[in-house]
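*Asks:* Here's my sequence, what's the structure:
(2 chains)
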2 protein chains.
Amino acid sequence: MTIQSTQIRLAARPLGEPRDSDFQTTVRTLPQLRNGQVSLRTVYLSLDPYMRGRMSDAKSYADPVEIGDVMVGGTVCEVIESRAAGRQAGDLVLAYTGWQTHAVADARHTRRLDPRQAPVSTALGVLGMPGFTAYAGLFEIGRPKPGETVVVAAATGPVGSAVGQLARLRGARAVGIAGGPRKCRALREVFGFDAAIDHRSPTFREDLAAASPDGVDVYFENVGGPVADAVTHRLNKFARIPVCGLVADYNATGQPEGVDRLPGFLRRVLTLSLTVRGFIQDEFVPSLHDAFLHDMAGWVREGSVRYREDIVEGLEQAPEAFRGLLSGRNFGKLLVRVGEDPTR
Amino acid sequence: MTIQSTQIRLAARPLGEPRDSDFQTTVRTLPQLRNGQVSLRTVYLSLDPYMRGRMSDAKSYADPVEIGDVMVGGTVCEVIESRAAGRQAGDLVLAYTGWQTHAVADARHTRRLDPRQAPVSTALGVLGMPGFTAYAGLFEIGRPKPGETVVVAAATGPVGSAVGQLARLRGARAVGIAGGPRKCRALREVFGFDAAIDHRSPTFREDLAAASPDGVDVYFENVGGPVADAVTHRLNKFARIPVCGLVADYNATGQPEGVDRLPGFLRRVLTLSLTVRGFIQDEFVPSLHDAFLHDMAGWVREGSVRYREDIVEGLEQAPEAFRGLLSGRNFGKLLVRVGEDPTR
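*Replies:* Down below sits the predicted model:
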């Protein structure tokens, strides 16, 4: 069986916001399967902020995508053909095959999904890497106590919405920050945040103060920029700041001129005895991932953790959708439907 | 018995480096003793960087000294007269009576010192607050493992010299940063650091790199400024930064203009999974202070932790000596001998 894959490759390292010319579309024939491998048809491709880092060659927590390589990314795929035990045609699996319609992968790099347990797309969202990022960062680093206040930005996103709901499950007050009244309404009405604040509002700082009358004990940092600056000024003594992303700065092309805020930030770290802890979810997989899958699947089933997906149609939409992700245009977990979902 | 106390009071909030006109000397008669109180003659006054913060009214971890109040500070005193059980004339005690020759204090705010166990001045240094700051910050936050590299600046000071020696007791490599060849020699020859680096050297960054060939796992932050900036670029993944002081910035009068280093710092926190944790030693007193006194007294007795004192004579020298402390002119734990030490 000869399979053609349409692929989006990195053509150039973006300067600032990625442009169409930074990507290149190719069509290739997949290689013959070897023992232990499966050939896959992509159903969903996950678009996540970390991918911006992979497009750069700055030192980071993972190697950059090389120029000419297919862009990386988590996927939900259907098995077309299998030469591996435990996988057969028609199986749906979680894989990491990136921005392409078809791929060959080692079966041990895939995980079988059971569509009867949860919609398979959730393996890329609330039951996948974003949900686990929220779970590990909030519970292992943020450690909210009942009655404390937890603030998270990009709060309608897959990480932020889980952070707020998990905080409430622990008895904490959840304050979400998002862009625009529509997202803020969803924070209150869909995700049950105690307060929702629009970072585009001219009264943003006052609104934040009003929403955190007792100060902020956990700031789950996934955006950086001016929002982070405002929250930092509301922190209580012994506050914790899990840092899992800095989307606002991902397109930055140099060090910004102006006032150097680092000394003031460190002074606040000192006088408030703050804990600032960067993390990538991988670190917690060995110790926590099984508990996460068990807990989160239960909470999703019983409805105490809700999620929202923003699905765009067709692989060719990925570059534009990715730009929207970095500027906050999506609304929920951003997925590209690359091919038909046989379960829906 | 009528006792006169010579006192140094805060006359004005310093702008930048404290000037003589920011202080005022007064002479007052001590009040009559009440039950539970002792009258004290100051033997040693400790000068410590945190006092600069108390001179300002910016929000900090402790209330500021009010204008007109006696400057605060830890002291070793001799009891002149006692109306408290467990205290008698001639006892030497650790107190917090500040920049004055005599004072009345509640006995429960003093701790008796045994001159046979250790020189009483050490209660303000290696066996006192600075030593405990090193012990708690390094062991509870820094948590060096054998073979890891620990870097500390102001390394001939009472906190830094203890940090380096405690790191070596845990099997880590200790790299000390200090100003000038004389201090660097002391780091190697007196305190046994594995490497000593002069931050005034034009090759400082290269020297730091050469002294930390495997990178830096713990940066015990007590100075801030350009030294901190250089060390930050040597940090390994999962490095820990206990932040106990930022002396380089204490005299700063505003936010520095220029490049904003905060986004770059947070990016490093994220990509290296750093832990940055501010602390004041008070936090760890309930859980750790007894163990500290036991451990540290033993290490000092057996010679595995050494210390160095820089003693200036006479209370009137305190303002000038304090200015020297903020600019690194002292060499070892800075003490003012306010009155005769009966044990020496």
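*Asks:* so A:Pro115 sits right up against A:Leu92, yeah?
*Replies:* Yes: in this structure A:Pro115 lies within contact range of A:Leu92 using Cβ atoms under 8 Å: 6.2 Å. To be clear about C-beta, it is placed using only N, CA and C from the backbone, and glycine gets the same treatment.
*Asks:* quick one: which of the two has more around it?
*Replies:* When A:Pro115 and A:Leu92 are compared on other Cβ atoms under 10 Å in any protein chain shown, the one with more neighbours turns out to be A:Leu92, at 22 against 12.
*Asks:* For A:Arg308, see how far away the more buried one is.
*Replies:* Taking Cβ to Cβ, to the nearest Å as the criterion, A:Leu92 is separated from A:Arg308 by 21 Å.
*Asks:* And for A:Val243?
*Replies:* Spatial separation of A:Val243 from A:Arg308 under the definition Cβ to Cβ is 24 Å.
*Asks:* buried stuff in stretch A:204-222?
*Replies:* Of the residues in stretch A:204-222, those with enough neighbours to count as buried (16 or more other Cβ atoms under 10 Å in any protein chain shown) are A:204-205, A:207-208, A:211-212, A:215-222.
*Asks:* now do stretch A:96-108
*Replies:* Applying a neighbour-count criterion of 16+ other Cβ under 10 Å, one finds A:97-105, A:107 buried in stretch A:96-108.
*Asks:* What is the end-to-end distance of it?
*Replies:* End-to-end distance for stretch A:96-108, by Cα to Cα, to the nearest Å: 11 Å.
*Asks:* What of stretch A:20-35?
*Replies:* When the termini of stretch A:20-35 are compared using Cα to Cα, they are 37 Å apart.
*Asks:* can you give me the helices in the stretch 201-344 of chain A?
*Replies:* A:204-211, A:225-232, A:262-271, A:285-302, A:318-326 (DSSP state H, counting those that start in this stretch).
*Asks:* which stretches of chain A have low pLDDT?
*Replies:* For chain A, the stretches flagged by pLDDT under 70 are A:59-61, A:248-255, A:257.
*Asks:* Let me see the domain layout of it.
*Replies:* A:4-125+A:307-337, A:129-282 (automatic domain parsing).
*Asks:* Mind putting those into CSV with distance to B:Ile80?
*Replies:* Conversion of the domains of chain A to CSV gives the following (distance: least, Cβ to Cβ, whole Å):
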stretch, distance to B:Ile80
domain A:4-125+A:307-337, 62
domain A:129-282, 37
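*Asks:* Which single one of the buried residues of stretch A:96-108 is nearest to chain B?
*Replies:* When these are compared for distance to chain B, the smallest value, 21.2 Å, is given by A:Gly98; criterion: Cβ to the nearest Cβ.
*Asks:* Assumed that closest one was part of a helix.
*Replies:* No: assessed with DSSP: H, G, I helix; E, B strand; the rest coil, A:Gly98 is coil; it does not lie in a helix.
*Asks:* A:Met51 is in contact with that one, correct?
*Replies:* No: taking Cβ under 8 Å as the contact criterion, A:Gly98 and A:Met51 are not neighbours in contact, 9.5 Å apart.
*Asks:* Pull up the overlap in contacts between A:Pro115 and A:Leu92.
*Replies:* In terms of Cβ atoms under 8 Å, 6 or more residues apart in numbering or on different chains, A:Pro115 and A:Leu92 are both contacted by the residues A:Thr343.
*Asks:* hang on, the earlier thing: just the helices of the stretch 201-344 of chain A: most buried one?
*Replies:* Here the criterion is mean neighbour count by mean count of other Cβ atoms under 10 Å in any protein chain shown, and of the helices of the stretch 201-344 of chain A the winner is helix A:262-271, at a mean of 21.
*Asks:* Show me what that helix packs onto, helices and strands only.
*Replies:* strand B:235-243, helix B:262-271, strand B:275-278 (3 or more Cβ pairs under 8 Å, 6 or more residues apart in numbering or on different chains; DSSP states H and E).
*Asks:* I'd like to know the beta-bridge partner residues of the closest residue to A:Val269 other than its chain neighbours.
*Replies:* The spatial neighbour of A:Val269 that comes closest, neighbours along the chain excluded (Cβ to Cβ, 6 or more residues apart in numbering or on different chains), is B:Gly278 at 4.0 Å. Following DSSP bridges, B:Gly278 is listed with bridge partners B:Val243.
*Asks:* Tell me the spacing between B:Gly278 and A:Arg267.
*Replies:* B:Gly278 is 9 Å from A:Arg267, where distance means Cβ to Cβ.
*Asks:* so what's A:Pro146 up against?
*Replies:* Shown here is A:Pro146, whose contacts under the criterion Cβ under 8 Å, 6+ apart are A:170-172.
*Asks:* for A:Gly128, same thing?
*Replies:* When contacts are counted by Cβ under 8 Å, 6+ apart, A:Gly128 is found next to A:46, A:74, A:94, A:122.
*Asks:* can you pick the most crowded of those?
*Replies:* Neighbour counts for these were taken using other Cβ under 10 Å; the highest belongs to A:Ser46, which has 24 neighbours.
*Asks:* Surely that one is in contact with A:Leu335?
*Replies:* Yes: using Cβ under 8 Å, A:Ser46 makes contact with A:Leu335 at a distance of 6.1 Å.
*Asks:* Now the common contact residues for those two.
*Replies:* Counting by Cβ under 8 Å, 6+ apart, the shared contacts of A:Ser46 and A:Leu335 are A:124-125.
*Asks:* Fine by me, thanks again.
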